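Novice: sequence? don't have it. structure:
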Ligand SMILES: O=C(O)[C@H](O)[C@@H](O)[C@H](O)[C@H](O)CO
Ligand SMILES: [Mg+2]
């Protein structure tokens, strides 16, 4: 069996998605997600110029060999563009292999470790009151875990809070990056009040999460972790940027609030010290940005040795292809923690027909051979690419900060 054809499909049913389709000489095909939010066309160029030409004629069943060919063979290793491109190939090849075996992907990985996978949804509001209403709506919809992000008095525009109440939050909201103004002290003073209100209204059973989105220093993160300890967060996410992995050692000394990190990681080496030193509790890297199923499996296995569990990144800027494959992975992986879920628009769901379903705060994996997600190419063509950028943050004195 040989790879006969491979091509990228860029579509924007509400936001941009990049899909790689690989077709074999026997007519079987697989698809993989290559979406890197705000940098979509860089991955398309990498795939078209440097990856696809080398795939033609290869045996699609040699997933491991092709992974190393693209990783080692490129000489230039790692990085989000390279690893997203490799991931798309890897996901498509696992899709093909599972279809050839006549099995849903989770069976090939080793079968079910659980019947369903718990997800967390996003509650957002301009202030604590509106945010609590959003948490209530999620609870009514069956969610057992909710991420809570509220506006902060004195900060005009902030990560995680929708522009209008009740609307979903989409960060890549302008052709060129919007500029926001950030105040660490206002934020730090406000967040403990938000979680006090959440526990007061919803009691102890609901799992609550919070995303700091990289905007603190280690000692500030340590303070926040300590101050929210009474509210028993499921996790505090990305409390500092993680290029310096040792920073988490400092935070860890000060707080028992569980720590999650890694949505911007693209390889095991981004997380090695974090995992081996048990500085974190959840690893957030996901299939699309961290080299696909083949590499993510290695990360999860290392994490398992150190009591670190998975908490895959899953916002709407990853396509349903990534989400579908992730649900298979989550269903199998022994050290599963939680799966992030922001519902895609109905236009996106139509472009990417899929067999996973949301039920009672969980995803239930489908039984279709492969990863269970397809793409309607004709429909995809109706939504052309539109450049969209993530915002940047500046401190009140104008210094460029982490968004
Ligand atoms: O926890 C999350 O889901 C993330 O922080 C996202 O909301 C990112 O901001 C987005 O993926 C950027 O493209
Ligand atoms: Mg995040």
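Specialist: Received the coordinates, thanks. Model, not experiment: these values are computed from the prediction. Ligands and ions are numbered 1, 2, ... in the order given.

Novice: helix/strand/coil for residue 208?
Specialist: Per DSSP: H, G, I helix; E, B strand; the rest coil, the local secondary structure of residue 208 is strand.

Novice: Return the set of residues that bridge with it.
Specialist: Residue 208 forms beta bridges with residue 146, as assigned by DSSP bridges.

Novice: neighbours around it, how many?
Specialist: Here the number of neighbours of residue 208 (other Cβ atoms under 10 Å) works out to 22. All C-beta atoms are positioned from the backbone trio N, CA, C, and that covers glycine.

Novice: Return the residues in contact with residue 366.
Specialist: Under the criterion of Cβ atoms under 8 Å, 6 or more residues apart in numbering, the neighbours of residue 366 are 104, 324, 354-357, 372.

Novice: Can you report how many residues neighbour the closest residue to it other than its chain neighbours?
Specialist: Nearest residue to residue 366, sequence neighbours excluded (Cβ to Cβ, 6 or more residues apart in numbering): residue 355, at 2.9 Å. With neighbours defined by other Cβ under 10 Å, the count for residue 355 comes to 17.

Novice: residues from this protein in reach of ligand 1?
Specialist: 37, 171, 211, 213, 263, 313, 315, 317, 340, 390 (Cβ under 6 Å from any ligand atom).

Novice: So which residues on this structure come close to ligand 2?
Specialist: 211, 263 (Cβ under 5 Å from the ion).

Novice: one step back: torsion angles phi and psi at the residue nearest to residue 366?
Specialist: In terms of degrees, to the nearest 10, the main-chain angles of residue 355 are phi -110, psi 0.

Novice: residue contacts, it?
Specialist: Taking Cβ under 8 Å, 6+ apart, one finds 324, 366-368, 372-373 in contact with residue 355.

Novice: Throw the residues you listed into CSV and include secondary structure and pLDDT, thanks.
Specialist: What follows is the contacts of residue 355, written out as CSV (DSSP: H, G, I helix; E, B strand; the rest coil; pLDDT from 0 to 100):
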residue, secondary structure, pLDDT
324, helix, 98
366, coil, 98
367, coil, 98
368, coil, 98
372, coil, 98
373, strand, 98
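
Novice: Tell me which two of those sit farthest apart.
Specialist: Across these, no pair lies farther apart than 367 and 373, at 13.3 Å, counting by Cβ to Cβ.

Novice: shouldn't residue 102 be in contact with residue 370?
Specialist: No - if you go by Cβ atoms under 8 Å, residue 102 and residue 370 don't touch, sitting 9.6 Å apart.

Novice: Which one of these two is surrounded by more residues?
Specialist: Using other Cβ under 10 Å as the criterion, residue 102 and residue 370 rank with residue 370 on top: 29 against 9.

Novice: Now do the same for residue 126: its pLDDT.
Specialist: Residue 126 is assigned a pLDDT of 94 by the prediction.

Novice: Nearest residue to it in space, ignoring adjacent ones along the chain?
Specialist: Using Cβ to Cβ, 6+ apart, the closest residue to residue 126 is residue 151 (4.2 Å).
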